[in-house]
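>>> got a sequence here, can you build the structure:
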Amino acid sequence: MQRIRRFLSTKLDLLRDYATAVSGSVGRLVFSLVYFVALANTLTIAEFGLFATASAAGVMLSRILAFGFISALYRAATVKPRLLGVFTGGFLALAILSLPVLAGASFGIWLIFFESEMAPRVFLLLIMAETLLWRPVEAVIIVNNGMGRFGRAAFLAILGTALRALAALLFAFWTTRDLANWSGFYVAANALSLVIAAGFFYPRQRLRFQPRLYLRRLADCIYVAGAEMIFYLQMELDKLLVLAIGGPHLAGIYAIVMRLVDLTAIPVRTFTMMLVQRMMRAPEMLSRLKLRLGIEAGVFLVSTAGLLTLALVLRYEPALLGRNVAEAAPLVLLAVFIPGLRNLVEYQAELLFARGQTLLRAVNLSLLAGLKALLLTAVLLHTTDSADMVLLLNGVFAALYLASCALTHSAIRMPARQF
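The predicted model follows:
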C-alpha cells in the first residue's frame, strides 16, 4: 500500500509540474498571437519578412554568447544546483570574452544577406535585442526550469512575451510605423525583460570563479554552442534563403506562414523540455525503441492537429488575424505536416543533448543543415510561387526527419555521458 502511495505521489508531482509548465506555454501562446497579429499587420509584408529573417539570424547568433556555457549552467541547475553560483560566474566571464566573436559573425551575416536590404543600425539593434538582451532572459528561464521552479519560469516566459506584445501594440499607434522605429521598440521590450529577469527571478547565490571547472567543460559547451548554431541555422535557413532568392515580399509571406507553424509548436516543446530533464537524471530512460517511437508518434499527431485546427479556422475566417495575415492564410493548410516533422527533428536533437552526446549532436545537425540547404535551394530554384513552395516544403521536412531519425537512433545505441 505504501509503495502504491509513493508511486501515485510521484505521478501527481509530475503532472503538477507539467501543468505548471504548460500554463506558461498557454500564456506564451496567447501573447505570442497578440504580438504576431499586431506586428504583422502594422509593418508591410516585406518589412515583416526582413524583421523575421533578421530576428531568426539573431536567435542563431545568440548561441555564440558565452560560447554555449548556458548548457553547463542548465546542467548545474538540474543536477548540481549548489554549484550554480560558480557556473553563473563562468557564464558572465565567458559572455564578455565571446563579444568580439559575436560581433564578427553578426557583421558577416549582414554582409551576406542584409547589406542591400537593411540599414546596419537597424540590423545591429535587432541582433543586440536577440543576443545580448533576450538570450540572458532565456538563461534565467532555463535555470529556473532546471531547478524545478516551473511556475517562476513559466511566469517569466509569459512576461517576456507580454512585454513584446505590448511594444507591438504601442508601435501600432506610433506616428511612423516602419522597421527602423520598430527596432527601437523591440530593444526596449527585451531590455525591460532582462532587468526584471535578472532582478527578480534569478536564484540568489554568491558568484564564484573557478576557471579549472570551466575549462573541463568548455569543449563540451563549445560543441553545444556549435550544435545549437547549426540547429537554428537548419531551422531558420529557409527564411534566409527565401529572402536571398525570392526577395523581401516572398520572405514576408513565408515568415507569416512559418510563424503560425511555430505558434502551434509552443505547447509541444513543454513536454519535450520536461522529458529531456528526466533523461538528464536517467539517461537510459528511453533505451526501448518501442517507447521512443510511441513518443515520436504522439509529438507528430499533436503538432499536426494543432496546425489543422488553425488552418480550418483561417479557411472560414481568413481575415481573422488581419489583412496581411489573410494573404498567407490559404497557405497554412498546405504546411500541414511541417510542424510535426520540425518538432520531431528538434526533439531528437534534444535527446542527444540530454544523454551528453554533444559532439555527435553537432555532427548530426551539421549534416541536417547541409541537407536542408541543398533541398531548399532546389525548391526555390524550381519555383517561387508561394503555394508550390510551401507544399514542396513538406517533402523537405520529411527528408530531414528521416535523416535525423537514422542518425539519432543509431547514436542512442551508444553509452550516455554523465555530467
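>>> would you confirm that residue 266 contacts residue 31?
No: under the contact definition of Cβ atoms under 8 Å, residue 266 does not touch residue 31, with a separation of 10.5 Å. For glycine as for every other residue, the C-beta is placed from the backbone atoms N, C-alpha and C.
>>> what about residue 204, which SS state?
Judged by DSSP: H, G, I helix; E, B strand; the rest coil, the three-state class of residue 204 is coil.
>>> number of nearby residues for it?
Residues contacting residue 204 under the criterion other Cβ atoms under 10 Å number 6.
>>> packing partners of the helix or strand where residue 94 lies?
With secondary structure defined by DSSP states H and E, residue 94 is part of helix 84-109. The helices and strands touching helix 84-109, judged by 3 or more Cβ pairs under 8 Å, 6 or more residues apart in numbering; DSSP states H and E, are helix 45-61, helix 70-79, helix 120-128, helix 135-146, helix 211-246.
>>> which secondary structure elements does the longest one contact?
By that I understand helix 211-246. Packed next to helix 211-246, using 3+ Cβ pairs under 8 Å, 6+ apart, are helix 45-61, helix 70-79, helix 84-109, helix 248-281, helix 338-354, helix 358-382, helix 386-412.
>>> which of the ones you listed sits closest to residue 313?
For those, distance to residue 313 was read as Cβ to Cβ. The smallest value, 10.6 Å, belongs to helix 248-281.
>>> the residue nearest to residue 187 when sequence neighbours are not counted: what's it in contact with?
In space, not counting the residues next to it along the chain, residue 187 is nearest to residue 129; the distance is 4.8 Å by Cβ to Cβ, 6 or more residues apart in numbering. Residue 129 sits next to 58, 183, 186-187, 189-191 when contact means Cβ atoms under 8 Å, 6 or more residues apart in numbering.
>>> and residue 169, how many neighbours?
Residue 169 has 16 neighbours, counted by other Cβ under 10 Å.
>>> that one: helix or strand, and which one exactly?
In this structure, residue 169 is located in helix 150-172 according to DSSP H and E.
>>> show me what the helix or strand following that helix packs onto, helices and strands only.
As assigned by DSSP H and E, the chain's next helix or strand after helix 150-172 is helix 179-196. Here helix 179-196 is seen to pack against helix 45-61, helix 120-128, helix 135-146, helix 150-172 when contacts are counted using 3+ Cβ pairs under 8 Å, 6+ apart.
>>> in helix 179-196, which residues are buried?
Applying a neighbour-count criterion of 16 or more other Cβ atoms under 10 Å, one finds 179, 182-183, 185-187, 189-194, 196 buried in helix 179-196.
>>> need the contact partners of stretch 75-89.
Taking contacts as Cβ under 8 Å, 6+ apart, the residues outside stretch 75-89 that touch it are 69, 72-73, 142-147, 202-203, 205-210, 213, 277, 280-281, 419.
>>> now the end-to-end length of it.
Stretch 75-89 stretches 15 Å from its first residue to its last (Cα to Cα, to the nearest Å).
>>> average pLDDT for it?
Model confidence over stretch 75-89, given as mean pLDDT, is 83.
>>> buried stuff in it?
Judged by neighbour count (16+ other Cβ under 10 Å), stretch 75-89 contains these buried residues: 75-78, 81, 83-89.
>>> stretch 240-249 too?
By neighbour count, and taking 16+ other Cβ under 10 Å as the criterion, the buried residues in stretch 240-249 are 240-244, 246, 248-249.
>>> need the residues you listed in JSON lines with pLDDT, can you?
Formatted as JSON lines, the buried residues of stretch 240-249 follow (pLDDT from 0 to 100):
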{"residue": "240", "pLDDT": "86"}
{"residue": "241", "pLDDT": "84"}
{"residue": "242", "pLDDT": "88"}
{"residue": "243", "pLDDT": "89"}
{"residue": "244", "pLDDT": "86"}
{"residue": "246", "pLDDT": "86"}
{"residue": "248", "pLDDT": "91"}
{"residue": "249", "pLDDT": "89"}
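>>> hmm, residue 65 is touching residue 103, no?
No: taking Cβ under 8 Å as the contact criterion, residue 65 and residue 103 are not neighbours in contact, 11.5 Å apart.
>>> what about the two, which has more around it?
residue 65 (25 against 15).
>>> show me what contacts that one?
Going by Cβ under 8 Å, 6+ apart, the list of residues near residue 65 reads 95, 98, 102, 131-132, 135-136.
>>> check the gap between it and residue 194 for me.
Shown here: residue 65 relative to residue 194, a distance of 13 Å by Cβ to Cβ, to the nearest Å.
>>> pull up the overlap in contacts between those two.
Residues touching both residue 65 and residue 194 (Cβ under 8 Å, 6+ apart) are residue 136.
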